[in-house]
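Engineer: have a look; sequence and predicted model below, questions after that.
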Amino acid sequence: MRALVVEDDPDLNRQLVAALTDAGFAVDKAFDGEEGYFLGETEPYDIIILDLGLPKMDGLSLLEQWRRADKKMPVIILTARDRWSDKVAGMDAGADDYLAKPFHMEELLARVRAQVRRASGHAKSEIECGPLRLDTTTARVAYDGQTIKLTSHEYRLLAYLMHHNGRVVSRTELVEHLYEQDFDRDSNTIEVFIGRLRRKIPGDLIKTVRGLGYRLAQEDDAP
Ligand code: CA
């Protein structure tokens, strides 16, 4: 999963990036409205954290422009505590949720997880695929109740596939959603991580769809 943080306060920006990285996201950051707008316009994010008070272009205009351009990614806005009118304006401009500053990072992360789940069609915090279970709140993966230890990149990859189970995910899509903007992207590394996941997870659950990408096994797959 890939996140964008648009926040001009350098300390808060750093804290947000650190918390989201710890939670398993590939995170890009912007410190002003123009930079933020450009990234949101050109990169496919699974969640965006958007401060409203920004230099160069305010958060509200930025959000309106994204929505006008039909960008549908979930956006959580950060507002000042006493400005109820900001929250209303933000939701009306197309925000999916808001948090008033100061906030607890745990609350932000819970809201982020909820938005990411909802955007991929999952209402529950646990996503199941046959015997495989992903607990999005603890970032834990288990097979038949046994915890599977994954590195952060393996987790990102599996979490993306599980959020989008039931459809084929291309290698390009995986590359775009698993790495930060500055990362030296090479789609061959996806194959390497798929190989590692297959060795760690029993039961041939990750299927290759030749020429298209990968998908998780469904119940009606032939054994
Ligand atoms: Ca600000």
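Structural biologist: Perfect, I can see it now.

Engineer: tell me how many other residues surround the residue of the chain found nearest the ion.
Structural biologist: Ranked by C-beta to the ion, the top residue of the chain for proximity to the ion is G53, at 3.7 Å. (C-beta placed from N, C-alpha, C; glycine too.) Other residues within reach of G53, judged by other C-beta atoms under 10 Å, total 17.

Engineer: before we move on, what SS does it have?
Structural biologist: coil (DSSP: H, G, I helix; E, B strand; the rest coil).

Engineer: so for it, what's the nearest residue that isn't a sequence neighbour?
Structural biologist: Leaving aside its chain neighbours, G53 sits nearest to G59 (6.9 Å; criterion: C-beta to C-beta, 6 or more residues apart in numbering).

Engineer: got a list of what the one you found touches?
Structural biologist: 6, 33, 36, 50-53, 77, 90 (C-beta atoms under 8 Å, 6 or more residues apart in numbering).

Engineer: highest neighbour count among these?
Structural biologist: V6 (30 neighbours).

Engineer: pretty sure it contacts I47?
Structural biologist: No - the criterion here is C-beta atoms under 8 Å, and V6 misses it with I47 at 11.7 Å.

Engineer: which non-adjacent residue is nearest L212?
Structural biologist: V168 (5.0 Å).

Engineer: now swap in R117 and tell me
Structural biologist: The nearest residue in space to R117 (C-beta to C-beta, 6+ apart) is T136, at 6.3 Å.

Engineer: cool, and A95?
Structural biologist: In space, not counting the residues next to it along the chain, A95 is nearest to I77; the distance is 4.4 Å by C-beta to C-beta, 6+ apart.

Engineer: right, and that neighbour touches Y98 too?
Structural biologist: Yes - judged on C-beta under 8 Å, I77 makes contact with Y98 at a distance of 4.7 Å.

Engineer: flag every residue of this protein that's near the ion.
Structural biologist: 8, 51, 53 (C-beta under 5 Å from the ion).
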